[in-house]
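Enquirer: Sequence first, then the predicted structure:
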Number of protein chains: 2
Amino acid sequence: MKNKEHILIIGAGLCGSLLALRMAQRGYKVTLMEKRPDLRKEIVDSGRSINLAFSDRGMKGLRLAGLEEKVLPLCIPMNGRMIHNTEGELFMSPYSGRNEYINSISREDLNIMLLDECDKMPEITMLFNQKCTGVSLETGEATFEDYKTRQNTTYKADVVMGADGVGSALRKSMLDHRKFLFSYGQDFLTHGYKELSFPPGADGGFLVEKNALHIWPRGKDMMIALPNLDGSFTVTLFLSWEEGKDSFESLNTDAAVLDYFQREFPDALKLMPDLLKEFKENPTSPLGTIKCSPWHAYGKVLLLGDAAHGIVPFYGQGMNSAFEDIHVLDKYLNKYEGDWKAVFKAYQNERKEDTDAIADLAVDNFHEMKAHTARPIFQEKRKLETAFEEAFPKEYFSKYALVTFREDLRYSEAMRRGRVQDKAILNLIHDGKFTESMSLHDKLDLVKQETRKMLHDDEVVEGLEEE
Amino acid sequence: MKNKEHILIIGAGLCGSLLALRMAQRGYKVTLMEKRPDLRKEIVDSGRSINLAFSDRGMKGLRLAGLEEKVLPLCIPMNGRMIHNTEGELFMSPYSGRNEYINSISREDLNIMLLDECDKMPEITMLFNQKCTGVSLETGEATFEDYKTRQNTTYKADVVMGADGVGSALRKSMLDHRKFLFSYGQDFLTHGYKELSFPPGADGGFLVEKNALHIWPRGKDMMIALPNLDGSFTVTLFLSWEEGKDSFESLNTDAAVLDYFQREFPDALKLMPDLLKEFKENPTSPLGTIKCSPWHAYGKVLLLGDAAHGIVPFYGQGMNSAFEDIHVLDKYLNKYEGDWKAVFKAYQNERKEDTDAIADLAVDNFHEMKAHTARPIFQEKRKLETAFEEAFPKEYFSKYALVTFREDLRYSEAMRRGRVQDKAILNLIHDGKFTESMSLHDKLDLVKQETRKMLHDDEVVEGLEEE
């Protein structure tokens, strides 16, 4: 048996800890470096959202590491979007007509579970309070500053993997490197976000529907809430930094905040006793997309997860895509193990197109969630799609279902098919092509026919261009 | 009359010198700073391509400054693409069926003409050998290092405009600024470029057709040549950095270079006595797209031209888009003069969409030029489009014509219409929808009908999303 190599992983968050686990399972010697303290021993402000949407693509990664059973107790199923209008009326829009659901999960609980699993592997050494200050791409040497001692230590490994998130130190070393061309983009939305909360009820129960992702779509702004196991909800307000009447800039007094919530979210306001304190004390954070290429250099370093592709949260796919990264990487390790350059190249060659797709879909979904969910034609579309999925569960998948539940399908393919299908349905509704005399299956056939025509047209051009 | 303000312009290249001229014409006091020596007095290696394509949008900017007559003597009209196959056979593909043409122009000659015009304006002070080392966005203070004395001097102006190209110092100050969110992307092609040349004939004449842009499309690679007034041609080889059989990496011996040229460009090789020397001595440069936003900050600074939107050269629109920038800025000065924030905001609000479009079109055209121009279905499309333009000059405009010759149309609109039209024609050809019995106008009607249907479908969705 071949003597397995040493992998240094930067970042013991969700992506880094699962990656460490999987690499150790494959027999590599792993050193896992984390800049924050061990969150099992100290209270850590991750600076990131408290709970996350966990769904089928994420499960693929956990299943690969044998953790399917361990994650289930941490999950709260969310069956659909519970839409709240300004009158406080509710409207439930299921995620699919096949009873499919996504889950709310605590970032911290999941990270603790993964770190505990890492502890069980003798191949893994974990070091906390180690901030990466730079990586030498050609040699695989990485330097870390210890937060407590302030001492710098350089580690050398056969391979360095950066799972160190949107602010990745490895990516920074690649961007600053003079000798190769690094394509890089950071793209911010006009909106930022602030986390708030609904506390649990007096009896520890949930004060609004537990099994839903709550949305208050307001056209320009939006608020959402996801349930936590303790009966509380984490609430996130998405608001423009400075444009328009209401913005983080203009909501600069208690009175302005209260007036805004009374106007826009009266039903939520009743559940937010700490609103003014939280609004003042909790940070306002930017929403950005990071894309870059190449993700690897010299067969020595590789970026994964948010470090390679930071996305906005609106498709609930940030963690899921990071876990799917590990699944794809593992596939190419099966194929090319022993030749890191070949592994990295094949991995990026497949994966980049897909993470670009989910990045773009996530931005699209921002607009869909904050505006479209509240509008008649989109509600009519959603109703029709749910009916298709209920009646013909194997024949029809909405774009949301293609992206979220069809973990057998690549993001890029889900995007391509989903976008064309959306365009087809919206046009058919808009042009009044669905008549009352048509059966549901007639309507489905019409959607399929229109979608096929549009896909054909795209494929001809793409085929010609790629020849 | 209002006492006009002081504008400091960084960069006295094509964009900066025309901008200075126009601002001076409007009555502003202008200081124009250039990091290189005065190219009228010293030989300057601009590090940029020697000649450029100049067309209708660029003329809009020059006309605004009253320079239409001055630029004409510098222009060599190019009526189309002269395509060279590996057998050395030629095939002329006109740019339009309306006898429209673009021009080859010397960067240096044009820059000299613009600097000479600046000299005539008492409102303009020009300083050379001044490298900008940073701009304070809030105050409009910019610091420059004098190349000769090495001394730093800080200038304060009411407004600082960065026309300092793809490596913009002002843009760097905006990217490094902590207090506002700056979206930024640099995106490199897999190919780099190297400039070579055909010398003039013994009699000073042109050794290949003077009035054409010559292309040697080779699928993965491409070479082009543009005429110069002295009878020479500037030749540019576009080749992969490292991928594939032939690349800048693999062409590392005289024998390899010669073998490659003999195989791919035998007719050109005969015109290149200095090939091996030039190939060795001339730099290989990257091809990148730069996008960023916002272009302005605090009503004090503004990016224009390549500094705001660096594009690849394949649509011949780099300089043209920079000159059109000045035309658009001037329009908003007419509207909001006195309120810089309003001017900058309105300017970017219109212009960003258009420069994003030309950036994307330029990348598309890279693929079209190196591969499609050599292929039957694209040649059939081009032939049909030229026939439409000849027979129905007011009814039909190819994508190329919409982008290049319809200076009344925004780039974004040219892209939208042009892309859909291309897709329609390619599908109609591919699916055999043009039959022999059809008249040319029947074929045009079919293209129009298909294009209209596709545009309608897009507009419904876009309209719904923007509502």
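Expert: Okay, I see it. From a predicted model like this one, the values you see are computed outputs, not experimental measurements.

Enquirer: how far away is A:Leu90 from chain B?
Expert: As judged by C-beta to the nearest C-beta, to the nearest Å, A:Leu90 and chain B stand 24 Å apart. Yep, even glycine has a C-beta here, placed from its N, CA and C like the rest.

Enquirer: That residue: neighbour count?
Expert: Applying other C-beta atoms under 10 Å in any protein chain shown, we find 14 residues neighbouring A:Leu90.

Enquirer: Can you give me every residue that contacts A:Ile76?
Expert: With contacts defined as C-beta atoms under 8 Å, 6 or more residues apart in numbering or on different chains, A:Ile76 is in contact with A:Asn103, A:Ser104, A:Ile105, A:Lys210, A:Asn211, A:Pro227, A:Asn228, A:Leu229.

Enquirer: if you set the cut-off to 7 Å instead, what comes out?
Expert: By C-beta atoms under 7 Å, 6 or more residues apart in numbering or on different chains, the contact set of A:Ile76 is A:Asn103, A:Ser104, A:Lys210, A:Pro227, A:Leu229.

Enquirer: Can I get the buried part of those as one ChimeraX selection?
Expert: Per 16 or more other C-beta atoms under 10 Å in any protein chain shown, the buried members of the contacts of A:Ile76 correspond to this ChimeraX selection:
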select /A:103,104,227
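
Enquirer: What is the nearest of the contacts of A:Ile76 to B:Asp203?
Expert: For the contacts of A:Ile76, the minimum distance to B:Asp203 (C-beta to C-beta) is 79.5 Å, reached by A:Asn103.

Enquirer: tell me which residues in stretch A:246-255 are buried?
Expert: Buried-residue list, stretch A:246-255, by 16+ other C-beta under 10 Å: A:Asp246, A:Ser247, A:Phe248, A:Leu251.

Enquirer: Only alpha carbons, please: show that stretch as CSV.
Expert: Included here for stretch A:246-255 are C-alpha records, laid out as CSV according to Å, rounded to 0.1, in the frame of the first residue of the first chain:
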residue,chain,number,x,y,z
ASP,A,246,-36.1,52.6,3.9
SER,A,247,-32.5,51.5,4.2
PHE,A,248,-29.9,50.7,6.8
GLU,A,249,-28.7,54.2,6.5
SER,A,250,-32.2,55.8,7.1
LEU,A,251,-33.2,53.4,9.9
ASN,A,252,-30.9,55.2,12.3
THR,A,253,-33.2,55.9,15.2
ASP,A,254,-35.4,53.6,17.4
ALA,A,255,-38.4,55.5,16.1
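
Enquirer: Does it reach chain B?
Expert: No: Stretch A:246-255 lies out of reach of chain B by C-beta under 7 Å from any C-beta of the partner chain, never closer than 12.0 Å.

Enquirer: tell me how far that stretch is from the chain's mean position?
Expert: In terms of C-alpha atoms, centre = their mean, to the nearest Å, the centre of stretch A:246-255 is found 29 Å from the chain centre.

Enquirer: What of stretch A:225-233?
Expert: Relative to the chain's own centre, stretch A:225-233 is displaced by 19 Å; criterion: C-alpha atoms, centre = their mean.

Enquirer: I'd like the mean pLDDT over it, please.
Expert: Across stretch A:225-233, pLDDT averages out at 96.

Enquirer: got a list of contacts for it?
Expert: Stretch A:225-233 is contacted from outside by A:51, A:76, A:104, A:106, A:197-201, A:204-206, A:208, A:210, A:213-214, A:234-235, using C-beta under 7 Å, 6+ apart.

Enquirer: Run a quick neighbour tally on the closest residue to chain B within the stretch 201-350 of chain A.
Expert: For the stretch 201-350 of chain A and chain B, the shortest gap (C-beta to the nearest C-beta) falls at A:Pro286, measuring 5.5 Å. Applying other C-beta under 10 Å, we find 14 residues neighbouring A:Pro286.

Enquirer: CA atoms only: put the host helix or strand of it into PDB for me.
Expert: Counting by DSSP states H and E, the element that carries A:Pro286 is strand A:284-293. Taking C-alpha atoms only, strand A:284-293 is exported to PDB below (Å, rounded to 0.1, in the frame of the first residue of the first chain):
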ATOM      1  CA  THR A 284     -25.000  44.700   9.300                       C
ATOM      2  CA  SER A 285     -23.200  42.500   6.800                       C
ATOM      3  CA  PRO A 286     -22.700  42.700   3.100                       C
ATOM      4  CA  LEU A 287     -24.000  40.100   0.600                       C
ATOM      5  CA  GLY A 288     -21.500  39.200  -2.000                       C
ATOM      6  CA  THR A 289     -20.600  36.700  -4.700                       C
ATOM      7  CA  ILE A 290     -17.000  35.600  -5.100                       C
ATOM      8  CA  LYS A 291     -15.900  33.800  -8.200                       C
ATOM      9  CA  CYS A 292     -12.300  33.000  -9.100                       C
ATOM     10  CA  SER A 293     -10.200  30.700 -11.300                       C
END
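
Enquirer: tell me which of the contacts of A:Ile76 is nearest to B:Asn111?
Expert: Ranked by distance to B:Asn111 (C-beta to C-beta), the contacts of A:Ile76 are led by A:Ser104 at 60.5 Å.
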